[in-house]
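Colleague: Got a predicted structure here, sequence first:
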Amino acid sequence: MSAGSTPTRLRWGLPDALIAWIVGIVAAVIAAAPFIGSNGTIPDDREVTATLVLLAVQNFAIIGSLLYIARARGLGSLRRDFGFAFEVPDLVWVLGGVALAVIAGILVVPITELAGLKDSSQEVVNTFERSAGLAQKIAVCIGVVLVAPVAEELLFRGVLLRSLVRRTAPVVAVFVSALVFAVVHVIGDLGTGYYVPAFLLLGLVSGWRAVVTGRIGQSIALHAGFNLLAAIQIVT
């Protein structure tokens with residue numbers, strides 16, 4: 001099934017992308033409750049464990065909600081509804097994701113230099129660099145390189161992009177979905193707003209491959225490769 005096809009049985013669309021994202025946020029907030037101390041924040045000694053739990057809960061909640069949406073309002077599976085199909089040759093695109101991460105890093109250098117953000121990075125990376133043990137670092141790397149790309153590509157290239165393609169030209173759909181993807185990634189950590197161009201680049205290339213192939217296997221591989229450098233940074 002191509003990204004632009006519109007089977008008559010499909011009853012999911014743009015609102016379902018928003019619903020799945022909200023479900024992930026709510027699930028993460030609920031999961032955070034046991035870790036919050038008396039002062040309303042997560043103590044330093046619980047921060048690493050809490051981050052691991054929240055990452056897992058949020059991503060699996062998104063995947064679970066999309067599976068429910070597919071069965072209740074679509075064709076019944078992540079593959080048929082959202083193009084969740086992976087082929088061995090798609091692994092080559094992991095290298096493409098690494099290349100995109102390098103290019104993105106170069107693109108944001110002028111921004112970080114002008115704004116004095118040279119040492120900035122996303123908070124999850126800072127957290128694990130500071131205090132995580134090796135087992136915890138490996139666990140978060142699995143989440144960052146495997147689980148998060150699957151959940152996020154299902155959400156942004158599986159649901160959002162396909163919903164937009166039904167309503168507008170593929171080029172517009174790819175750009176809008178990539179922009180939403182970029183903004184969502186920094187909305188919870190405005191200090192990393194300078195990285196929007198990097199996320200936008202990943203979203204554009206991933207969206208392009210999803211439209212061309214009609215599935216998100218290459219998009220997942222690109223996303224995994226893009227996150228791989230951050231994972232290596234965490235472990236080392």
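Modeller: Nice, I can see it. Numbering: from 1, shown residues only.

Colleague: Ramachandran angles for the residue lying farthest from the centre of the chain?
Modeller: Largest separation from the mean C-alpha position in the chain: Ser38, at 31.6 Å (C-alpha atoms, centre = their mean). With angles defined as degrees, to the nearest 10, Ser38 sits at phi -70, psi -20.

Colleague: dump the residue contacts of it.
Modeller: Residues near Ser38 by C-beta atoms under 8 Å, 6 or more residues apart in numbering: none. Glycine gets a C-beta too; all of them are placed from N, C-alpha and C.

Colleague: Now do it against Ile63, distance only.
Modeller: If you measure Ser38 against Ile63 using C-beta to C-beta, to the nearest Å, the figure is 34 Å.

Colleague: now do Val184
Modeller: Relative to Ile63, Val184 is positioned 16 Å away (C-beta to C-beta).

Colleague: Over to Pro197?
Modeller: According to C-beta to C-beta, Pro197 stands 28 Å off from Ile63.

Colleague: Which one's more surrounded, the two?
Modeller: Using other C-beta atoms under 10 Å as the criterion, Pro197 and Ile63 rank with Ile63 on top: 20 against 13.

Colleague: For that one, identify the helix or strand it belongs to.
Modeller: In this structure, Ile63 sits in helix 44-73 according to DSSP states H and E.

Colleague: Give me the buried stretch members for that helix, please.
Modeller: Judged by neighbour count (16 or more other C-beta atoms under 10 Å), helix 44-73 contains these buried residues: 46-48, 50-63, 65-67, 69-70.

Colleague: For the helix or strand that that helix is followed by, give the mean pLDDT please.
Modeller: The helix or strand immediately downstream of helix 44-73 is helix 78-82, counting by DSSP H and E. What helix 78-82 shows for mean pLDDT is 97.

Colleague: low pLDDT regions in the protein?
Modeller: Scanning the chain for pLDDT under 70 picks out the ranges 1-8, 111-132, 188-191.

Colleague: what about Arg162, is that helix, strand or coil?
Modeller: Secondary structure for Arg162, judged by DSSP: H, G, I helix; E, B strand; the rest coil, is helix.

Colleague: sec struct for the nearest residue in space to Arg79 that is not next to it in sequence, please.
Modeller: Once flanking residues are discounted, Arg79 sits nearest to Ala85: 5.3 Å by C-beta to C-beta, 6 or more residues apart in numbering. Put simply, Ala85 is coil when judged by three-state DSSP.
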